[in-house]
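A.B. asks: all I have is the shape, not the residue letters:
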Ligand SMILES: Nc1ncnc2c1ncn2[C@@H]1O[C@H](COP(=O)(O)OP(=O)(O)OP(=O)(O)O)[C@@H](O)[C@H]1O
Ligand SMILES: [Mg+2]
């Protein structure tokens, strides 16, 4: 992995993907730690996993709490995807109500947002 990153100094985004239990979260955290703390880069490690695994690795409850700093250049974000989706749906509802001057969204439309 070290060789992979050293050959690609301009790499901006790294995504670990694959089936369950392969080591995506562990490798994401280890890569971010290595890049930031050992290589002096500015790095944001983020996950949308509702299991809150980054909270376990960094030993702090950061789920849904925005970007957290864990040392020089090391930032970690554990997105609460369900909350973000609910907020986005609420924004859309608000826009529809404003656009059509409605007090409430008709049920058929609400179900499709
Ligand atoms: N490079 C590695 N070598 C050996 N064991 C590892 C390695 N990376 C991760 N593991 C171990 O494998 C298990 C699964 O790791 P991890 O939780 O990072 O996987 P994941 O792909 O994020 O899983 P999930 O799909 O459930 O989110 C953990 O017990 C972890 O300690
Ligand atoms: Mg994981």
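C.D. replies: Received it, and whenever you're ready, just let me know what you need. Remember, it's a predicted structure, so these values are computed and weren't measured experimentally. Ligands and ions are numbered 1, 2, ... in the order given.
A.B. asks: give me phi/psi at residue 67?
C.D. replies: Per-residue torsions, residue 67: phi -70, psi 130 (degrees, to the nearest 10).
A.B. asks: now do the contacts for it.
C.D. replies: By Cβ atoms under 8 Å, 6 or more residues apart in numbering, residue 67 lies in contact with 44, 75, 76, 77. No exception for glycine: its C-beta is placed from N, CA and C like everyone else's.
A.B. asks: again, only using 6 Å
C.D. replies: Residue 67 is in contact with 75, 77, counting by Cβ atoms under 6 Å, 6 or more residues apart in numbering.
A.B. asks: for it, give its distance to residue 107.
C.D. replies: Distance of residue 67 to residue 107, given as Cβ to Cβ, to the nearest Å: 38 Å.
A.B. asks: same question for residue 31.
C.D. replies: 47 Å.
A.B. asks: neighbour count: those two, which is higher?
C.D. replies: residue 31 (17 against 8; other Cβ atoms under 10 Å).
A.B. asks: A helix includes that one, no?
C.D. replies: Yes. Counting by DSSP: H, G, I helix; E, B strand; the rest coil, residue 31 is part of a helix.
A.B. asks: buried ones in the longest helix belonging to the chain, by neighbour count?
C.D. replies: Scanning the chain for the helix with the most residues, using DSSP state H, yields helix 81-100. Neighbour-count burial for helix 81-100 flags residue 93 (criterion: 16 or more other Cβ atoms under 10 Å).
A.B. asks: quick one: low-confidence ranges for this structure?
C.D. replies: Residues of the chain meeting the criterion pLDDT under 70: 113.
A.B. asks: what parts of it come near ligand 2?
C.D. replies: Proximity of the chain to ligand 2 (Cβ under 5 Å from the ion) is limited to residues 24, 25, 53.
A.B. asks: I'd say the last one and residue 27 touch.
C.D. replies: No. With contact taken as Cβ atoms under 6 Å, residue 53 and residue 27 are classed as non-touching, separated by 11.6 Å.
A.B. asks: higher neighbour count, those two?
C.D. replies: Neighbours per residue (other Cβ under 10 Å) separate residue 53 from residue 27, with residue 53 holding more: 17 against 13.
A.B. asks: thank you, goodbye.
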